[in-house]
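Student: I'd like to go over a predicted model; first the sequence, then the structure.
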Amino acid sequence: MQKILTMGEGEVLPEAVKAGSGIRILKQDLWETVVDFIISQNNNIPRIKGCIEKLSEIQGEYAGEFRGKKWYSVPSPEKLASLDVSDLAPVRLGYRDKYLIETARQWLELDEEGRLEVGRFTGVGPKVESCIRLFGMHDLESFPIDVWVKRLMNRFYGFEEKDKAGMDRFAREHFGKYAGLAQQYLFYYIRCLESNRK
C-alpha cells in the first residue's frame, strides 16, 4: 500500500486516499458475488439492491430478523439451477434471469478450481469478471472499469474514455498489486467531487 501512497508530484491518489480514509475490500462469498455482479450489469445501485433483496426473499432461505426486518440468503446455485425464467419474473431482472439460471447450472458442473475461472460463466464479461475477482476472490490487482472509472481515468490521467485496454495496462503498471484498492479510492473520490459540484 505504501507504494501507491507515495507517487510522484501531481498524483491524485494520495488525495483520494485521504478523502476515502478507511476504505477496505471485503472478501465476499464467491457465489453471492457472482450473483450480485450479474445482476449489476447496466443497472443502478438502488435497483441492484432491490433486485438482490427480492430474489433472496422469493428464492433464498430465511436468515433471520434484524431491527424488525426479515432477511434472506442469496439463493444457492442448486436452487437457481432448478428454476425457469418464469420463476424469476417477479424480480424483474430482464435478460439477467437467464444468465443467473445458466450460470448456476454451469457452477454445479464445475469443481472448486473450475469455478475460479469466473469469465466462463454466462453473462460474465470483462467488467463483471474484474468485479468478481476483486470482491469475491480478493484479487487486489483486478481493476474494474465502469462508466465512473472511465470518467476518472479521463479526468485524472488523460485517457480517452474508450481506451479500456490502456487504462487497464496503466493500472497494472502504475498501481501494481494494489490496482483494485486504488480503483476503489479513486472511484470514491470522483463521486465525492461530482456530488460536491451539485
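Tutor: Received it, and whenever you're ready, just let me know what you need. Because the structure is a prediction, the values reported are computed rather than measured. Numbers count the residues shown, from 1 in each chain.
Student: what's the following helix or strand after the host helix or strand of residue 155?
Tutor: Counting by DSSP states H and E, the element that carries residue 155 is helix 147-157. Next helix or strand after helix 147-157 toward the C-terminus (DSSP H and E): helix 164-175.
Student: got the contact list for the spatially most central residue of the chain?
Tutor: Geometric centre of the chain, nearest residue: residue 131, 3.6 Å, by CA atoms, centre = their mean. By CB atoms under 8 Å, 6 or more residues apart in numbering, the residues touching residue 131 are 33, 37, 40, 142, 144. Every residue, glycine included, has its C-beta placed from N, CA and C.
Student: now it, what's its secondary structure?
Tutor: helix (DSSP: H, G, I helix; E, B strand; the rest coil).
Student: tell me which two in the contacts of residue 131 are the farthest apart.
Tutor: Farthest pair in those (CB to CB) is 40 and 142. Separation: 15.0 Å.
Student: and the strands in the chain?
Tutor: Ranges of strands in the chain, per DSSP state E, are 62-66, 69-72.
Student: mean neighbour count, these: which tops it?
Tutor: Highest mean neighbour count among the strands of the chain (mean count of other CB atoms under 10 Å): strand 69-72, with a mean of 12.
Student: ok, back up a step: TSV for the strands of the chain, including distance to residue 86?
Tutor: Listed next are the strands of the chain as TSV, based on distance: least, CB to CB, whole Å:
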stretch	distance to residue 86
strand 62-66	23
strand 69-72	20
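Student: would TSV of those with distance to residue 168 and mean pLDDT be doable?
Tutor: Formatted as TSV, those follow (distance: least, CB to CB, whole Å; pLDDT from 0 to 100):
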stretch	distance to residue 168	mean pLDDT
strand 62-66	37	95
strand 69-72	36	95
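Student: between those strands, which one is nearest to residue 137?
Tutor: strand 62-66 (23.4 Å).
Student: residue 178 contacts residue 140, doesn't it?
Tutor: Yes. In this structure, residue 178 is within contact of residue 140 by CB atoms under 8 Å, at 5.7 Å.
Student: in this structure, which ranges drop under the pLDDT threshold?
Tutor: The model of the chain has pLDDT under 70 over residues 1-10, 198.
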